[in-house]
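Novice: Sequence first, predicted model second:
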Amino acid sequence: MKQVSQNYKECTIKVEEVEKPALKPGGVLVKSINSVISIGTEGTKVKEGKMSYLNKARSRPDQVKKVLQLAQQQGLAVAYQKAMNRLDSLLPLGYSLSGVITDLAPDVEEFFLGQRVACAGAGYANHAEFNFIPKNLVVPVPNNVSMEYAAFTTIGSIAMHGYRQSKMQIGETACVIGLGLVGQLLVQILHAAGIQVIGVDIIEERCKLALEVGAAYACRPHSNFLFSSIHNLTNGRGVDCVFLTAGGSSSEPVELSVKIARDRANLIVVGKTKMELPWQDYYEKEINVIFSRSYGPGRYDPNYEEKGIDYPIGYIRWPEKRNMESFLNLVSQGKVKLDRVISSIHPLDEAEKVFLDLAEDKLDGIGILFNYSDPENNQSKSLPVYDFNSNNKNPDSGNSSLRLGLIGIGNYASTMLLPYLAGNKNITLVEAAAQKGLSVKDASRKFPFQRTSTNYKSMLEGADIDAVIIATRHSSHASLTVEALSAGKAVFVEKPLALNTSELESLRKTIIETGNDRLQVGFNRRFCPLIKDIAEVFQNIKGPLVINYRVNAGQLEPGSWYLDPSEGSRFTGEAGHFFDVMSFLANSRPVSVTAKTIHPEPVSRDDLENIVVTVTYENGSLGNLLYLTRGSIKSPKEIFEISGGGCSAAFYNFKYATVYEKSKTRKLKNKNGSKGQKQELEAFIYSIKSGTDMPVNITSLFDSTLTTFAAIKSCKTGREVFLSDFWQIENPAASMELQ
């Protein structure tokens, strides 16, 4: 299928041939009929894409801050690599479309095949021939509403939510500053609600359009007519509410707003505009400044948007889906007219030229649509599954390289795994699978995969795949590993191996039943050259060791997927790294765990932070993990010390280590700051190709995972948790003997 993509690094907009997205639970597959270009949001993205790196940085100081923080913790090279990978990625465009449902997940009952729908959501309602849309971002289209009009539903909902934020009443007066697409729709919504509307824009044609669709007056901001009109409509009191739907870097809209507003009026901020408020003027009138966030409650809430959990109507009357329905009802009743708003309609093949004209301000009008020919009739234009002109050898021709498949193509896989794999002559990258077609297209563009897919099951069934790398989000690791092992594949799965003991038990049974123990977990730290050197020093030390490992994890940003309970928690996800290192250094299995946290509320789930964990080992060693989330971002992320048998060593954030032996002191350096990803992949590949034992035995992988669960349980109960007892309590019939 075809999809529009943007590449920030190459400053390009292209129509790509990509795989159709996969159908997932909780949503529907939609064949697009029309999609709308947001001149404000998408126009800004396209213009930013044309900027130099310096100007890109200036336009996104929030992203620059993240890169600098990452550089402070993990080094400039890592920060640069990740930043450039994000820039050199294919990003989707679009968030408002209409289409027809072609497939439904089994748990979606409110829709039917062939139903006409309007769809919303950045990353979902893309400019693409097919899209997967979660059910709370889909609404039916009334029979008397055309698909061209229905495509405006998301943008109309933005205007609708702005109106609801104002809480205006019949007979009041509003001024809309900025008569672009959202502004024009807002004028009509206000007019339909019985509110007198005044429109303001710097473009005369937009003012004329506002008058045609319901504004009582409309003019340019510096017109004397503006103030006389407001005086006449309000009896000299000023407007009850000002809506800022303008964008740009000028302070004039907020300065004008306070001049035309009555005492204690509301200012509703809908567009992204400069907000340097003249303090004295806003103070004297006591203006209420209210931000309108996108298209209603539910936006940016993964439980609502991705999992389909609706809000009770008695508590939240107008979440985004009901706002979409409300807007379509106004269109159906003829109270919002879109014929005058539509400026032009273009076939999707012209997307590159359309966006180029948009970036150069060559497009007239405000409502620009794409229309889609039937993609089912264009399959002959699709890329072939296999590239027979490539240099990849036929997998049946006696090729001695390891044939790999990859499931999940996020930033980590693209920056920390695939660069090593792509340059390894001992492997062949056969297939990449992800849920979104643009993601696999991006992977095939950067790395030499023979084919791509949005259905990983076909990869597991393929006879030309020897091993599978799983780099998806945490909640799918265990189930995908079970499927891959059952299919006879060797598996490299990123941490964590599992999120709970039920998943771990499922893995245990699969390994026993299939006899397939070719499993490696991405606990890469033990493969770091510095840590391996330290382990060699203490390998022959007699007597127990003491290990103190401090991790400055930092605070999570609001909206992080780590905060989704279904993905476990950040501690569940990455603590296995550190427990694995401590077991590796102690050269012993963990026996018991004691943990405490200063979490401010009672621990009800695994959202732990600032945890101190003590692990005892069979040989008497002790390991202390300090997992901290409230420290300074300037502090290095990982530091540990190890002592025993007259020797000590200090490790500093993968940069260097100091070893203090009885007769000498040595300084060890890690020139490239490697965390061991390359070395762990090389070890995995060698083990599979040579048929030798896996780099880390199964028992150790399970131990590190179970230690994480025990730490969480100890935090909740306040007691020491023995790993053997812990497992038996959770799964009485289970045995951990997986030698």
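Specialist: It's in. Residues are numbered from 1 along each chain as shown.
Novice: Output the longest strand belonging to this structure.
Specialist: The single longest strand within the chain, with elements called by DSSP state E, is strand 27-37.
Novice: what lines up beside that one in the sheet?
Specialist: Strand 27-37 has its sheet partners listed here by DSSP bridges as strand 96-104 (antiparallel), strand 130-134 (antiparallel), strand 367-371 (antiparallel).
Novice: Would you reformat those strands as CSV and include distance to residue 78?
Specialist: Using the backbone N, CA and C atoms, a C-beta is placed for each residue, glycine as well. Formatted as CSV, those follow (distance: least, CB to CB, whole Å):
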stretch, distance to residue 78
strand 96-104, 37
strand 130-134, 32
strand 367-371, 39
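Novice: Give me the below-cutoff pLDDT ranges for this structure.
Specialist: Along the chain, the parts satisfying pLDDT under 70 run over 47-60, 62, 67, 373-399, 599-608, 726-739.
Novice: center of it - which residue?
Specialist: Nearest to the mean C-alpha position of the chain, counting by CA atoms, centre = their mean, stands residue 561 at 7.0 Å.
Novice: Go ahead and confirm that residue touches residue 472.
Specialist: No: judged on CB atoms under 8 Å, residue 561 makes no contact with residue 472 at a distance of 11.6 Å.
Novice: quick revisit: so how far is the longest strand of the chain off the chain centroid?
Specialist: Relative to its chain's centre, strand 27-37 lies at 21 Å (CA atoms, centre = their mean, to the nearest Å).
Novice: Repeat that for stretch 633-648.
Specialist: Here stretch 633-648 is found 33 Å from its chain centre; the criterion is CA atoms, centre = their mean.
Novice: Return the set of buried residues in that stretch.
Specialist: Of the residues in stretch 633-648, those buried by neighbour count under the rule 16 or more other CB atoms under 10 Å are 636, 637, 638, 639, 640, 641, 642, 643, 644, 647, 648.
Novice: before we move on, the earlier item: okay, the strands paired with strand 27-37 in a markdown table with mean neighbour count and distance to residue 458 next?
Specialist: A markdown table is the format used below for those (neighbours: other CB atoms under 10 Å; distance: least, CB to CB, whole Å):
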| stretch | mean neighbour count | distance to residue 458 |
| --- | --- | --- |
| strand 96-104 | 23 | 17 |
| strand 130-134 | 25 | 17 |
| strand 367-371 | 22 | 30 |
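Novice: mind checking which of those strands is nearest residue 618?
Specialist: Closest approach to residue 618 among these (CB to CB): strand 130-134, 47.9 Å.
Novice: Run through the strands of the stretch 251-400 of the chain in chain order.
Specialist: If you assign secondary structure with DSSP state E, counting those that start in this stretch, the strands in the stretch 251-400 of the chain sit at 261-269, 288-291, 342-347, 367-371.
Novice: now those as TSV including distance to residue 621?
Specialist: Shown next, in TSV, are the strands of the stretch 251-400 of the chain (distance: least, CB to CB, whole Å):
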stretch	distance to residue 621
strand 261-269	58
strand 288-291	54
strand 342-347	68
strand 367-371	63
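Novice: mind listing which of the buried residues of stretch 633-648 are in strands?
Specialist: Counted as lying in strands by DSSP E, out of the buried residues of stretch 633-648, are 638, 639, 640, 641, 642, 643, 644, 647, 648.
Novice: any idea where the strands of the stretch 401-550 of the chain begin and end?
Specialist: For the stretch 401-550 of the chain, strands defined by DSSP E, counting those that start in this stretch occupy the ranges 402-407, 427-433, 451-453, 467-470, 490-493, 519-521, 546-552.
Novice: Need those in CSV (columns: distance to residue 678 and mean neighbour count).
Specialist: Below are those laid out as CSV (distance: least, CB to CB, whole Å; neighbours: other CB atoms under 10 Å):
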stretch, distance to residue 678, mean neighbour count
strand 402-407, 15, 24
strand 427-433, 13, 24
strand 451-453, 24, 23
strand 467-470, 14, 24
strand 490-493, 13, 26
strand 519-521, 14, 25
strand 546-552, 22, 20
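Novice: Residue 36 touches residue 152, doesn't it?
Specialist: Yes: under the criterion of CB under 8 Å, residue 36 makes contact with residue 152 at 5.6 Å.
Novice: Name the residues contacting each of the two.
Specialist: 96, 181, 367 (CB atoms under 8 Å, 6 or more residues apart in numbering).
Novice: can you redo those as CSV with distance to residue 6?
Specialist: Shown next, in CSV, are the shared contacts of residue 36 and residue 152 (distance: CB to CB, whole Å):
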residue, distance to residue 6
96, 17
181, 20
367, 21
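Novice: wait, which of those residues is closest to residue 691?
Specialist: So of those, ranked by how close each gets to residue 691 (CB to CB), first place is residue 96, at 54.3 Å.
Novice: ok, now how distant is that closest one from residue 342?
Specialist: 13 Å (CB to CB, to the nearest Å).
Novice: Neighbours of residue 597, how many?
Specialist: 21 (other CB atoms under 10 Å).
Novice: residue contacts, the spatially closest residue to residue 344 that is not a sequence neighbour?
Specialist: Once flanking residues are discounted, residue 344 sits nearest to residue 368: 5.5 Å by CB to CB, 6 or more residues apart in numbering. Applying CB under 8 Å, 6+ apart to residue 368 gives the contacts 36, 37, 39, 343, 344, 345, 346, 354, 358.
Novice: Pull out the buried members of these.
Specialist: By 16+ other CB under 10 Å, the contacts of residue 368 give 36, 37, 39, 354, 358 as buried.
Novice: In a markdown table: those residues, plus distance to residue 663.
Specialist: Putting these into a markdown table (distance: CB to CB, whole Å) gives the following:
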| residue | distance to residue 663 |
| --- | --- |
| 36 | 74 |
| 37 | 72 |
| 39 | 73 |
| 354 | 73 |
| 358 | 71 |
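Novice: which of these lies closest to residue 137?
Specialist: Proximity of those to residue 137 (CB to CB) peaks at residue 36, which lies at 14.9 Å.
Novice: That closest one pairs with what?
Specialist: residue 369.
Novice: tell me the contacts of it?
Specialist: Residues near residue 36 by CB under 8 Å, 6+ apart: 94, 96, 97, 151, 152, 154, 155, 181, 367, 368, 369, 370.
Novice: Then residue 526?
Specialist: Residue 526 neighbours (CB under 8 Å, 6+ apart): 532, 535, 580, 581, 584, 676, 696.
Novice: hmm, back to that, would you turn the strands of the stretch 401-550 of the chain into a markdown table with distance to residue 125?
Specialist: A markdown table is the format used below for the strands of the stretch 401-550 of the chain (distance: least, CB to CB, whole Å):
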| stretch | distance to residue 125 |
| --- | --- |
| strand 402-407 | 25 |
| strand 427-433 | 23 |
| strand 451-453 | 22 |
| strand 467-470 | 28 |
| strand 490-493 | 32 |
| strand 519-521 | 36 |
| strand 546-552 | 39 |
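Novice: just so I know, which of those lies nearest residue 83?
Specialist: strand 546-552 (20.9 Å).
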